[in-house]
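>>> Coordinates only, no sequence provided:
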């Protein structure tokens with residue numbers, strides 16, 4: 001896997017050296033409580049176990065990128081995984097980095113890469129109903145809402161209402177830039 005350069009930072013392969021900041025940022029309920037597949041509390045052992053699953057050569061739809069800020073290092077994660085309905089985009093950012101446009105830039109860079117590298121017609125995503133900031137990112141970038149569902153949130157240990165979204169290749173490549 002190659003690193004991707006955005007205007008302000010690098011998207012790169014996650015590394016074992018990222019375990020401590022991953023554990024620190026995900027052991028914040030304000031972050032973990034917005035994610036489906038992250039337990040809370042989140043420990044260093046959880047980060048190390050997840051990082052062991054990240055290795056070069058994974059299929060495109062199982063690729064993850066660490067968000068690496070200059071002078072800071074690891075700030076969050078963005079990536080793709082196989083979902084029941086297709087390739088799913090997921091992401092999170094450490095709370096100190098919220099509100100700076102970092103995730104909009106990371107989603108843009110990763111989707112540019114994914115649609116260039118794959119033959120995929122679409123990518124699905126979504127947010128829990130209370131995650132207005134994440135929904136705003138997706139709406140700004142051209143995702144459309146396809147409905148509502150419930151999704152298990154491990155951090156909340158509950159089924160939570162979820163807004164399902166999608167972006168098609170045509171919508172992504174045809175969007176104003």
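Received it, and whenever you're ready, just let me know what you need. All values reported here derive from a predicted model rather than from experimental measurement.
>>> can I assume residue 172 is in contact with residue 113?
No. Look at residue 172 against residue 113 with CB atoms under 8 Å: they stay out of range, at 11.4 Å. For every residue, glycine as well, the C-beta is placed using N, CA and C.
>>> Tell me how far residue 36 lies from residue 171.
For residue 36, the distance to residue 171 equals 24 Å [CB to CB, to the nearest Å].
>>> where does this protein dip in pLDDT?
1 (pLDDT under 70).
>>> What segments of it are helices?
According to DSSP state H, the chain carries its helices in the segments 19-26, 29-32, 44-52, 102-117, 132-140, 169-173.
>>> So residue 128 sits against residue 162, correct?
Yes. Contact between residue 128 and residue 162 holds when scored by CB under 8 Å: they sit 5.7 Å apart.
>>> which residues are common contacts for the two?
Common neighbours of residue 128 and residue 162 (criterion: CB atoms under 8 Å, 6 or more residues apart in numbering): 36, 151.
>>> quick one, phi/psi of the closest residue to residue 108 other than its chain neighbours?
Counting by CB to CB, 6 or more residues apart in numbering, residue 141 is the residue found nearest to residue 108 once chain neighbours are left out, at 6.6 Å. In this entry, residue 141 is assigned phi and psi values of phi -90, psi 0 (degrees, to the nearest 10).
>>> Apart from its neighbours in sequence, what residue is nearest the residue nearest the centre of the chain?
For the chain, the residue whose C-alpha lies nearest the mean C-alpha position (CA atoms, centre = their mean) is residue 91; its distance is 1.5 Å. In space, and not counting its chain neighbours, residue 91 is closest to residue 78: 4.0 Å by CB to CB, 6+ apart.
>>> what number of residues lie near residue 26?
Neighbours of residue 26 under the rule other CB atoms under 10 Å: 25.
>>> OK, contacts around it?
Neighbour list for residue 26: 32, 35, 38, 40, 42, 46-47, 92 [criterion: CB under 8 Å, 6+ apart].
>>> what's the answer for residue 104, then?
Residues near residue 104 by CB under 8 Å, 6+ apart: 137, 140-141.
>>> what's the answer for residue 21, then?
Counting by CB under 8 Å, 6+ apart, residue 21 makes contact with 73-75, 94.
>>> Kindly report the same for residue 65.
4, 11-14, 77-79, 106, 110.
>>> All set now, cheers.
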